[in-house]
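Novice: Sequence and predicted model, in that order:
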Amino acid sequence: MSGTRAARPLAAGAALTAAAATVAGAVLETGLPLPTSQWAFISVSLILPAVGWLLAVRRPRNAYGWLLLAVALCVALGGLGIALLPFLGEEQSVAPASVPASVLASVLASVLTSLMSVSYGLSWVFVPLLFPEGRLPSPRWRPVAVAAAVAIGVEWTGVLLHPGRVHQDVPLDNPLAPPGEWPRLAAALAGGVGELAVFLLALVVLGGLVIRLRRPGPRGPLAWIVAGTAAALAGYALLTVYGFSHSPVPAQWIGGLTVTGALPAAIGVAVVRHNLFDLRVGVRGSLLYLVFDARPSVGDLLTELGASLEEVEPVEQLGRLADAVRAGLDARWAAVELADGTRVVAGEESGPAALSVPAGMGRISCGPKVAGRVTREDQRLLAALAVPVGLAIQSAALAARLVNAQEAERRRIERNIHDGVQQQLVALIAGLELARATGGGASALALLREQARQALADLRELAAGIHPSVLEQGGLVEAVEERCAGLPVPTTVTADPGLRTRRFSDEIEGAMYFTVSEAIANALKHAGASRIEVRLSQDGGRLRVSVTDDGSGFDERGVARRGLGTLADRMAALGGGFELRTAPGEGATVRAWVSAHA
């Protein structure tokens, strides 16, 4: 999120600078009103900063958007520098450029003009080479990229320091040309060699693109880049053969148009026709207009949601996820639904869902799009979001069940205290008051003593159901044996050798103990069992427990309303599992397991 926010002003500044320099250069070159050719040049030139800005804002980690912005800046500033040269040339012809301000203007114009050579290298080599993910197709292209960077630097240095005129059509000497014959010769040689090297490396990259086109996979966007690069190189070769300023008018038109606009136009067509980088063009209703938008990817959505989801409870995460789905698909509404019927909606739900996919233990749905119709890209994005959304739904559902289980346990303890020990203590107090009032003898005091002992025994039994002290002192096996020792039916407890002296974490021992305790309680209270078998074992890195009874069994569909229904959630919270096998008249077997980390 912070990276995206930081990228916005930087990308906007670069795009606006490129656009302003392009318009200013065109106005300076031909004056107002602008001819049709200049309007065409401006329209084509604004494609790169527009696409570069959108991509840099929505995909700040993708270097391709920043590369397009760099090319757009070099073209725009280079064109502005060329447009300034005639004015400076006229000034120098009237009076020598001895005034510091005039010298500074000449230096600035020379530097700006030299950037045009940088734009050629970036456009012909790196724009097609890094297409479309902003990285090299393979490490084998690293030497080509390094050689191209060096060649661009050499050409730019040669152009910047070239002796003679800054531009062949303007009588303005280069103020940055070095003194001396040999430095001037070196600068001229560097410019020519660098230019040739850049052109040859561009042909190498073009050949690599053609080879990539012959491989299986999507070819549409890549084909446009190949066509645009080939047209730009052909136009440059045409102008070089005839001479940039002395070529025939048709050659100037064809060469200038292809050099300036072929590659930007190819990128624009790839964006519009193939939803390149998820940048879309929309048409709404009967009004024809173009709206460039950038659909956030699954990775972008999860990155932006990551920090915010950590700040809220699992149930509240559903609302954030619904908002993310709605924003990602540009839908009028989106809903996240749990298996228990819980439904969270972002936006105003109206009409049937346009898309709906299962997500874990729930479902995500979205309504019609704000603009346009649902596409395959929308279906792909929703399907990709189903995985992380499903995990969040599962987490929220588990959290809700654990909260319900805790509330049910609290109510059970409250009910047991109210119906048991509390009533005994009330009776004991009443008996003490009566004995004090009547001067009760030894028999009355003996009865009150027995009542107090019974209350204490019941209180200890209640405490054992919460967390028995023997579990803390003696371990899981000893606690289970003590729990089964006083049962009214024959109960067998068996444990693997060595398990008696093995200790586990409090969470694991507590979960296993209460699984046994709850299974035994259900066997006695609801199944009428006459025999119970409990087994504790450890194998394959798992601690296992099973409780089997010969009772009447029950319908598994009612388990969620019994104490056993919460045990599965408790095991799942520890990364374990729970299994129940029962049927009416066939007894029941409860199995639970968890990773045996001490």
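Specialist: All right, it came through fine. As the structure is a computational prediction, the values presented were derived from the model and not from experiment.
Novice: Could you pull out the helices in the stretch 1-150 of the chain for me?
Specialist: Assigned by DSSP state H, counting those that start in this stretch, the helices in the stretch 1-150 of the chain fall at 2-30, 36-45, 47-58, 63-94, 100-121, 127-129, 142-160.
Novice: and the fifth one, what other elements does it pack with?
Specialist: What that stands for is helix 100-121. When contacts are defined as 3 or more CB pairs under 8 Å, 6 or more residues apart in numbering; DSSP states H and E, helix 100-121 sits against helix 63-94, helix 142-160, strand 165-167, helix 181-213. Using the backbone N, CA and C atoms, a C-beta is placed for each residue, glycine as well.
Novice: how far is it from where the chain is centred?
Specialist: How far helix 100-121 lies from its chain's middle: 42 Å, per CA atoms, centre = their mean, to the nearest Å.
Novice: How about residues contacting that helix?
Specialist: With CB atoms under 8 Å, 6 or more residues apart in numbering as the test, helix 100-121 has contacts from 71, 73-75, 77-82, 84-85, 88, 91-92, 97, 148, 151-152, 155-156, 159-160, 166-167, 172, 174-176, 191, 194-195, 198, 202, 236.
Novice: picking up where we left off before, do you know which of the helices of the stretch 1-150 of the chain lies nearest G510?
Specialist: helix 2-30 (41.7 Å; CB to CB).
Novice: Helix 63-94 and the closest one, what's the angle between them?
Specialist: 30 degrees (axes from the mean of the first three to the mean of the last three CA atoms, to 10 degrees).
Novice: Low-confidence ranges, the stretch 451-598 of the chain, go.
Specialist: 457-458, 460-469, 555-566, 597-598 (pLDDT under 70).
Novice: That one: helices as residue ranges?
Specialist: With DSSP H, counting those that start in this stretch as the criterion, the stretch 451-598 of the chain has helices at 469-473, 476-485, 506-525, 564-573.
Novice: how about a markdown table for the ones you listed, with distance to K369 and mean neighbour count added?
Specialist: What follows is these, written out as a markdown table (distance: least, CB to CB, whole Å; neighbours: other CB atoms under 10 Å):
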| stretch | distance to K369 | mean neighbour count |
| --- | --- | --- |
| helix 469-473 | 58 | 14 |
| helix 476-485 | 57 | 19 |
| helix 506-525 | 47 | 20 |
| helix 564-573 | 37 | 20 |
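Novice: Which one of those lies nearest to R363?
Specialist: Here helix 564-573 is closest among the helices of the stretch 451-598 of the chain (CB to CB), at 20.4 Å.
Novice: Now do the residue lying closest to L84 once chain neighbours are set aside against A187, distance only.
Specialist: Once flanking residues are discounted, L84 sits nearest to A109: 4.5 Å by CB to CB, 6 or more residues apart in numbering. Distance of A109 to A187, given as CB to CB, to the nearest Å: 18 Å.
Novice: More neighbours: these two, which one.
Specialist: Using other CB atoms under 10 Å as the criterion, A109 and A187 rank with A109 on top: 25 against 20.
Novice: what about the more buried one, distance to L233?
Specialist: Distance from A109 to L233, counting by CB to CB: 28 Å.
Novice: Then A151?
Specialist: For A151, the distance to L233 equals 15 Å [CB to CB].
Novice: List the buried residues of stretch 126-136.
Specialist: By 16 or more other CB atoms under 10 Å, the buried positions in stretch 126-136 come out as 126-132, 134.
Novice: In terms of model confidence, name the weakest of the residues you listed.
Specialist: Among these, P132 carries the weakest pLDDT, at 77.
Novice: Need the three-state assignment for P179.
Specialist: Classification of P179 using DSSP: H, G, I helix; E, B strand; the rest coil returns coil.
Novice: So what's the residue count around it?
Specialist: Residues near P179, counting by other CB under 10 Å, number 7.
Novice: Now do the same contact list for T229.
Specialist: 124, 127-128, 202, 205-206, 209, 262-263, 266.
Novice: Ok, R535 next?
Specialist: R535 is in contact with 493-495, 544-546, 548, counting by CB under 8 Å, 6+ apart.
Novice: Could you work out the most separated pair of the residues you listed?
Specialist: Distance extremes for the contacts of R535: the farthest pair is A495 and T548 at 14.9 Å, using CB to CB.
Novice: between the helices of the stretch 1-150 of the chain, which gets nearest to L487?
Specialist: The nearest among the helices of the stretch 1-150 of the chain, by CB to CB, is helix 2-30 at 61.0 Å.
Novice: angle of the closest one against helix 100-121?
Specialist: Using the same axes, to 10 degrees: helix 2-30 against helix 100-121 is 110 degrees.
Novice: What is helix 2-30 packed up against?
Specialist: Helices and strands touching helix 2-30, as assessed by 3+ CB pairs under 8 Å, 6+ apart, comprise helix 36-45, helix 47-58, helix 63-94.
Novice: Need those in CSV (columns: mean pLDDT).
Specialist: CSV is the format used below for the helices and strands packed on helix 2-30 (pLDDT from 0 to 100):
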stretch, mean pLDDT
helix 36-45, 82
helix 47-58, 84
helix 63-94, 81
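Novice: Could you dump the ones you listed into TSV with distance to R320 added?
Specialist: What follows is these, written out as TSV (distance: least, CB to CB, whole Å):
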stretch	distance to R320
helix 36-45	41
helix 47-58	20
helix 63-94	27
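Novice: E433: which of those is closest?
Specialist: That would be helix 47-58 among these, by CB to CB, at 78.6 Å.
Novice: I'd like the distance from the closest one to the chain centre, please.
Specialist: Relative to the centre of its chain, helix 47-58 is centred 20 Å away, using CA atoms, centre = their mean.
Novice: Repeat that for stretch 107-124.
Specialist: With CA atoms, centre = their mean, you get 38 Å for stretch 107-124.
Novice: Looking at the helices of the stretch 1-150 of the chain, which is nearest to N522?
Specialist: helix 2-30 (53.0 Å).
Novice: Which residues belonging to the closest one are considered buried?
Specialist: For helix 2-30, the neighbour count (16+ other CB under 10 Å) marks 4, 7, 11, 14-15, 17-19, 21-23, 25-26, 28-29 as buried.
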